[in-house]
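Participant: Only the shape, not the letters, is given here:
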């Protein structure tokens, strides 16, 4: 990939996280993650830029980049198709060190959560089958490497792109979730970078281990995937998708039920609604009272 590091540096230097309209180089937000924001920079329609302002040093960003590369290699070895990518680290005086993960920009209308609203039910069923069969590849990879290596993924619908030629790509590669000899390689404290400082102790105490572990539990991955249908206003598809998953990947797993998926979604919706509200409060305190720069970019109102 022919990416100009100077363009990214100029973008980061002129970025106003609190008001994107004040930034030196105009950009469109393509999506939000828990610890990142994805941009289209300027008139560049070829690449999507995922900004991760998480690091206290260049060394920690370099280690993350190395783990990211290893994770992508493992995903490819498991049989997943990934978009072309590159990375750039930006270190500016007096600011957090920022890692940019750059991916080939894919048609926004071909993301799975968008296709829910354009495909007919039979086509959606085929898409869900393809996603389920790809998740099974992760489980097969882990079974083969069980003694020394285990990889995980976030299976929610917005992380999959189904191209018109039938190719299915997994795009959420920026969180390197893998264990070596049972030891998590991702520093879980990085997840807390996006949390308000006054909440980090309770998140660390009550939720952090559970959040990290759920990505390694295929049943939890599937429950989260099905729960996306509520968020995407397609709850009518829940019975169909549950039936497909239970049929396609039942090995070693209790069948999913609508009741538990709905319960999971209700709890998850409450947690993330409160979490976003506290993040906005944290941003206000830092920007308005402490007069500090708030590095993360928060979404507006999210329809759930």
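Facilitator: Received it, and whenever you're ready, just let me know what you need. All values derive from a computational prediction rather than experimental measurement.

Participant: ok, the residue lying closest to residue 222 once chain neighbours are set aside to residue 100 distance?
Facilitator: Excluding its sequence neighbours, the residue lying closest to residue 222 (Cβ to Cβ, 6 or more residues apart in numbering) is residue 245, at 5.1 Å. (Each C-beta comes from the backbone N, C-alpha and C, glycine too.) Distance, residue 245 to residue 100, by Cβ to Cβ, to the nearest Å: 35 Å.

Participant: Check residue 293 too.
Facilitator: According to Cβ to Cβ, residue 293 stands 18 Å off from residue 100.

Participant: Between the two, which has more neighbouring residues?
Facilitator: Taking other Cβ atoms under 10 Å, residue 293 and residue 100 do not tie; residue 100 has more neighbours (25 against 14).

Participant: That one belongs to a strand?
Facilitator: Yes: counting by DSSP: H, G, I helix; E, B strand; the rest coil, one finds residue 100 located in a strand.

Participant: And what about the closest residue to it other than its chain neighbours, helix, strand or coil?
Facilitator: Of all residues not flanking residue 100 in the chain, residue 88 sits nearest, at 4.6 Å (Cβ to Cβ, 6+ apart). In three-state terms, and counting by three-state DSSP, residue 88 is strand.

Participant: got a list of what residue 88 touches?
Facilitator: 3, 5, 8-9, 99-100, 102 (Cβ atoms under 8 Å, 6 or more residues apart in numbering).

Participant: Nearest to residue 278 among these?
Facilitator: residue 99 (24.5 Å; Cβ to Cβ).

Participant: wait, doesn't that closest one sit right on residue 89?
Facilitator: Yes: with contact defined as Cβ atoms under 8 Å, residue 99 reaches residue 89; the gap is 5.5 Å.

Participant: Report the buried residues of the least confident helix or strand in the chain by mean pLDDT.
Facilitator: Scoring the helices and strands of the chain by mean pLDDT, DSSP states H and E places helix 200-206 at the bottom, with a mean of 72. Using 16 or more other Cβ atoms under 10 Å as the test for burial, helix 200-206 gives residue 200.

Participant: The chain should start at 45 in everything you say after this.
Facilitator: Done: numbering now begins at 45, and the last item shifts to helix 244-250.

Participant: Can you tell me what sits against it?
Facilitator: Applying Cβ under 8 Å, 6+ apart, the contact partners of helix 244-250 are 233, 236, 239.

Participant: out of everything not next to it in sequence, what's closest to the first one?
Facilitator: Read it as residue 233. residue 248 (8.0 Å).

Participant: one step back: I'd like to know how many residues surround the residue nearest to residue 266.
Facilitator: 25.

Participant: next structured bit after the helix or strand where it lies?
Facilitator: According to DSSP states H and E, residue 289 maps onto helix 282-292. Following helix 282-292 in sequence order, the next helix or strand is helix 302-328 (DSSP H and E).

Participant: Fine, thanks again, bye for now.
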